[in-house]
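J.: How does the following fold in three dimensions:
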Amino acid sequence: MAKGPRYRLPFRRRREGKTNYKKRKALILSKLPRFIVRLSNKYVLIQIAEAKPNGDHILVSTHSIELKKLGWKGSCENTPAAYLTGFLTGLKALQKNIKEAILDIGLRKATKGARVFAAMKGALDAGLKIPHSEEILPDESRIKGEHIAAYAKNLSQEEYNKRFSKYLKDGLPPEKLPEHFNEIKNKILESLKTLTA
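T.: Next up, the predicted model:
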């Protein structure tokens, strides 16, 4: 470790590899709320936050587990789930009169078609304005889970049962995922209409 009178110890979250302060400063200087997307092995968490001197103030928060309450039978961490979570977050933001935000993907690298951009696409389709390039967004077919449905059709029965056991247990054949996606998207719209009525 470096030593000497001029050595400055980096901030704790920088030492732990949790925060890139250079990127964070650029996002805060935009003066827009941050559309924060965080992914785990099981879930998608999206928050819209404002930076304040005493810390971030969370304005909107959505967890992909909320999709289960609307009848979602698929995985809570795949591309369709990321889109639907982003879509739900976008609609919640508009209800709170938040019309614009800037994407915060944390320490993740920006990869074309990644789940973080599927989440952003959901928010864009809900009506939230987020600066972006169209090229980075995933294809519509991927958002709906058509790639998962096509993959399932090409598997042997044994592999099919093994890889999609949770889908089948929940009563969703993976080939029906795109139709199920559309059904849940409509349910999200209906659920928010009842809340505003």
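
J.: and Thr89, that one's in a helix?
T.: Yes: judged by DSSP: H, G, I helix; E, B strand; the rest coil, Thr89 forms part of a helix.

J.: what's the distance between it and Ser156?
T.: Per CB to CB, to the nearest Å, Thr89 is found 38 Å from Ser156. C-betas here are computed from N, CA, C, even on glycine.

J.: Give the residue spans of the protein that score low on pLDDT.
T.: Scanning the chain with the threshold set as pLDDT under 70 gives 1-2, 13-19, 21-22, 193-197.

J.: now with 50?
T.: 197 (pLDDT under 50).

J.: Tell me where it has strands.
T.: According to DSSP state E, the chain carries its strands in the segments 34-39, 44-52, 55-63, 102-104.

J.: Now distance to Lys112 and mean neighbour count too, for those strands, in a markdown table please.
T.: A markdown table is the format used below for the strands of the chain (distance: least, CB to CB, whole Å; neighbours: other CB atoms under 10 Å):
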| stretch | distance to Lys112 | mean neighbour count |
| --- | --- | --- |
| strand 34-39 | 15 | 22 |
| strand 44-52 | 18 | 19 |
| strand 55-63 | 24 | 16 |
| strand 102-104 | 14 | 19 |
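
J.: Assess the claim that Leu137 and Phe117 are in contact.
T.: Yes: contact criterion CB atoms under 8 Å: Leu137 and Phe117 qualify, at 5.4 Å.

J.: Give me the more crowded residue out of those two.
T.: Phe117 (26 against 18; other CB atoms under 10 Å).

J.: List the contacts of the more buried one.
T.: Contacts of Phe117 were listed using CB atoms under 8 Å, 6 or more residues apart in numbering, and they are 110, 132, 136-138.

J.: Contact partners for Gln47?
T.: Gln47 sits in contact with 36, 38, 58, 60-62, where contact means CB under 8 Å, 6+ apart.

J.: Which strand residues bridge it?
T.: For Gln47, the beta-bridge partners under DSSP bridges are Ile36, Ser61.

J.: Same question for the one 4 residues further on.
T.: With DSSP bridges applied, the residues forming beta bridges to Ala51 are Asp56.

J.: What is the burial count for Glu146?
T.: When neighbours are counted by other CB under 10 Å, Glu146 comes out with 17.

J.: With Leu137 as the reference, measure out to it.
T.: Taken as CB to CB, the span from Glu146 to Leu137 is 15 Å.

J.: likewise Lys25?
T.: 26 Å.

J.: Among Thr89 and Ser156, which residue is more densely surrounded?
T.: Thr89 (31 against 8).
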